[in-house]
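In: Next comes the sequence, and after it the predicted model I'd like to discuss.
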Amino acid sequence: MSQLAFGVHTFASVPEADGRPLPHAQVLRDVVAEGVAADAAGLAFFGVGEHHREDFAASAPEIVLGGLATATERIRLGTAVTVLSSNDPVRVFEQSSTLDGISGGRAELIVGRGSFVESFPLFGYRLEDYEALFDERLELLAALVREEPVTWSGRLRSPLQDQAVHPRSHAAEHGGRMPVWVGVGGTPASVLRTATHGFDLMLAIIGGSPAQFAPFAGLYRQAMAELHPGTTGRVGMHSPGLVAETDAEARALLEPHWMRFRNRIGRERGWGDATAREFEAAAAEHGAIFVGSPDTVAQKVVWAVETLGIERFDLKYDSGTSHEDNLRSIRLFGEEVVPRVRALLGR
């Protein structure tokens, strides 16, 4: 039975104070403090997501993680996610291998297409190439992380001929490879693409029930067994939530921020406003939001681990909540939820 790992993710959501958003600089400093708190709480991974919007502060997560590499000792650090479609894979590798060297081999990548498209016009890419960009860049990244000279050609990027890329990672210098996960929202094609390249699978579960994703975990394991015999890829999941001393307090803290963000995005995408019933369904026993006391969240994590057979559970702990509430949530998750889950599972 594999070791079960636990991490936390942040999108550097911009909270409001006295009705006004905090400055981005303050939010970024708070994220660094939250990463230090995650390290102190004994968590295995701290991830920072890439966004290019006013309501998220981390458009350059690799720089935030570089700062954290010098302020933490043990926790693994990575993006959650890198929007690979609008990033050059060579630059992504260079930044990650640099982080790996600074941190002494603690870098990981979670790449994906992301749930927002602002980066496409920002960096000069066409939305018509949405699928093709990701396919090509994931293929190139798979070649780059082998850390051997790369010969590659595609339609949407200039070719490489016997090209070495530097610096070599700390992992490669010690006979390993930087871990790469692919964030998947739940399509069979995305799962199979991940398995084709032998990357780990991170299920991004932000709606519905985690149980709906069990077929994708099974498909991934089957494809890995067929495509890479003798190699076992990992399956993880990422879900939003908040931990407080009681269920009532956790829900009261999270719901208004969740509703505000859900309605902002809903209006942009033509969904209409959310209802309290939608939040309650997501926060319920088998919903996608992991919110409540340490006991409640631990019981729900146990159910998700047993349902999906995952090797890692990552909690997205910020949803516009305050820095103080985020710090407490991280501490309770690492120091109280994780030990309860391990005791209940015997892992």
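Out: That came through, no problem.
In: Identify the residues contacting the residue nearest to residue 59 when sequence neighbours are not counted.
Out: Closest residue in space to residue 59, ignoring its immediate chain neighbours: residue 52 at 5.2 Å, by Cβ to Cβ, 6 or more residues apart in numbering. Every residue, glycine included, has its C-beta placed from N, CA and C. Residues near residue 52 by Cβ atoms under 8 Å, 6 or more residues apart in numbering: 59, 116, 118, 119, 122.
In: And residue 52, what's its pLDDT?
Out: Residue 52 carries a pLDDT score of 97 in this model.
In: before we move on, back to that, just the contacts of residue 52: which are in helices?
Out: 119, 122 (DSSP state H).
In: Can you tell me which of the contacts of residue 52 lies closest to residue 335?
Out: Sorting those by how near they are to residue 335, with Cβ to Cβ, puts residue 59 at the top with 31.4 Å.
In: pretty sure that closest one contacts residue 49?
Out: No. With contacts defined as Cβ atoms under 8 Å, residue 59 does not count as touching residue 49, sitting 10.2 Å away.
In: I'd like the contacts of residue 52 laid out as CSV, including distance to residue 92 and neighbour count.
Out: Putting these into CSV (distance: Cβ to Cβ, whole Å; neighbours: other Cβ atoms under 10 Å) gives the following:
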residue, distance to residue 92, neighbour count
59, 14, 16
116, 18, 15
118, 18, 16
119, 13, 18
122, 16, 11
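In: which of the contacts of residue 52 has the weakest pLDDT?
Out: residue 116 (92).
In: so who does that residue touch?
Out: 51, 52, 53.
In: Low-confidence regions, the stretch 1-150 of the chain specifically.
Out: Under the criterion pLDDT under 70, the flagged ranges of the stretch 1-150 of the chain are 1-2.
In: Would you mind checking which of the contacts of residue 52 is nearest to residue 164?
Out: Nearest to residue 164 among these, with distances taken as Cβ to Cβ, is residue 119, at 27.8 Å.
In: Okay, the closest one and residue 130: tell me how far apart.
Out: Here the criterion is Cβ to Cβ, to the nearest Å. By it, residue 119 lies 11 Å from residue 130.
In: Common neighbours of these two, please.
Out: Residues within reach of residue 119 and of residue 130 at once, by Cβ under 8 Å, 6+ apart, are residue 85.
In: so residue 202 sits in a strand?
Out: Yes. Checked against DSSP: H, G, I helix; E, B strand; the rest coil, residue 202 lies within a strand.
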